[in-house]
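Enquirer: Below are the sequence and a predicted model for it; my questions follow.
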Amino acid sequence: MVKKKKFTHIAITTSSPDKNIPIIAKQLFEVLKNQNVEIFLDEKLKLGKQYKTVSEKVILKKAGLIIAIGGDGTMLNSSRLYGSAGIPILGINLGRLGFLTDIAPEELTSSIIKIIELEYIEDKRFFLETKVTNKKEKALALNEVVIHSGAIAQLIEYNLFINDEFVYRQKADGLIIATPTGSTAYSLSGGGPIVHPNLDVLILMPMFPQDLSSSPLIVSADSSIRLELLDKNNKKHLSFDSHNSISFKGEANVTIKKAKSELSLIHPKDHNFYESCRNKLGWSKSTNRMG
C-alpha cells in the first residue's frame, strides 16, 4: 500500500467571483491554522490587510496541497496551473454540478480535519497535450480539446488519424476530444457517454456531423490523435477546457495526446463517483406522473 502524504503546507486559491469566497476562505484559514498547517493565500483572494497573500510562484514552490474554492472552472484553472506541476488539488464546491469539487461549505470543517488526519482518497487523472503545426506552444487540457469554427453552422472539413492510421474524412461543426474526467462536461452535453474516471481512454465526439452515421468513438488514452484541417480559408479555433484558445487560418495539422504530467485529486474518504452522478445528474429521482 502506498503511504499517504501528510499535508503540512497548504495553499488556498480561487478564480471565482462568488461573493461567498471570502467567508469560506477565512473559515478554511482558521481551520488550517488550528491544525498547525502553514498556509499560503493566493493573491487573488481579497480577505483584508490582516491576511498576507503570496504569488503563484511562491505557491508552486512551497505548497504541498492546493485547496480550490469555487466550481469546476476554478478546479480546471488550478489543475492546469498547479496540478500539472505535481501539487495535489482539493475542491470546495460553490458551483452547481461540480464533478471535480467534493466538499460542500457546510461540511468544510469536519472534512478538512479528516483530510489533515490522512482520511482521504487520492485519484489520478491525465491531461491532454495539444500541438499545432507552425506554433511553438503546447496547450494542456484536463477535460477536453475542441476544434470548431467559432461561427454558427459553419462546417470544418478534416481527416482524422489515430496512431497515424486513417479513420475518416468528416465535415462537422467541430470535434470534441475528451478525457474520462471531461466525459461529464462538454462531451456529455453533446450526447457523449459518461466514462468512469478510472478508465484509460479518450472520447472522440463529432459536433453536428454532416454524415448522420457518425457516432462517438472511444479509443485508448495512449493513442495519438491527429487532425488534418483541410479548409484553406475559414478561421478555426482550438479551445482547452472551454477556457484558453488558439485561433488560426488555413490548413494545419493538430496533434492531441496524453501529456506526461498527471493530476492528483484529493477526495474525502467517502467519495463515490456513482453517488456524484446520482446527485448531480438527477439519477434515480422519482418522476411525477399525471393520473
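Expert: The structure has been received and is ready for your questions.
Enquirer: and residue 145, what does it touch?
Expert: Counting by CB atoms under 8 Å, 6 or more residues apart in numbering, residue 145 touches 128, 130, 139, 176, 177, 238, 239, 240, 256. C-beta: built from backbone N, CA, C; applies to glycine.
Enquirer: Including secondary structure and distance to residue 285, could the residues you listed go into JSON lines?
Expert: Listed next are these as JSON lines, based on DSSP: H, G, I helix; E, B strand; the rest coil; distance: CB to CB, whole Å:
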{"residue": "128", "secondary structure": "strand", "distance to residue 285": "33"}
{"residue": "130", "secondary structure": "strand", "distance to residue 285": "38"}
{"residue": "139", "secondary structure": "strand", "distance to residue 285": "38"}
{"residue": "176", "secondary structure": "strand", "distance to residue 285": "27"}
{"residue": "177", "secondary structure": "strand", "distance to residue 285": "31"}
{"residue": "238", "secondary structure": "strand", "distance to residue 285": "37"}
{"residue": "239", "secondary structure": "strand", "distance to residue 285": "32"}
{"residue": "240", "secondary structure": "strand", "distance to residue 285": "33"}
{"residue": "256", "secondary structure": "strand", "distance to residue 285": "36"}
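Enquirer: Run through the chain and note the low-pLDDT ranges.
Expert: 1-2, 95-97, 151-153, 286-291 (pLDDT under 70).
Enquirer: Can you identify each of the helices in it by residue range?
Expert: Per DSSP state H, the chain carries helices over the ranges 21-34, 56-62, 72-81, 108-116, 186-189, 273-281.
Enquirer: Of these, flag the one that's most buried.
Expert: helix 72-81 (a mean of 24; mean count of other CB atoms under 10 Å).
Enquirer: ok so, going back, want to throw the contacts of residue 145 into JSON lines with neighbour count and distance to residue 98?
Expert: Putting those into JSON lines (neighbours: other CB atoms under 10 Å; distance: CB to CB, whole Å) gives the following:
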{"residue": "128", "neighbour count": "25", "distance to residue 98": "21"}
{"residue": "130", "neighbour count": "22", "distance to residue 98": "25"}
{"residue": "139", "neighbour count": "23", "distance to residue 98": "24"}
{"residue": "176", "neighbour count": "24", "distance to residue 98": "21"}
{"residue": "177", "neighbour count": "25", "distance to residue 98": "23"}
{"residue": "238", "neighbour count": "24", "distance to residue 98": "26"}
{"residue": "239", "neighbour count": "21", "distance to residue 98": "21"}
{"residue": "240", "neighbour count": "22", "distance to residue 98": "20"}
{"residue": "256", "neighbour count": "24", "distance to residue 98": "26"}
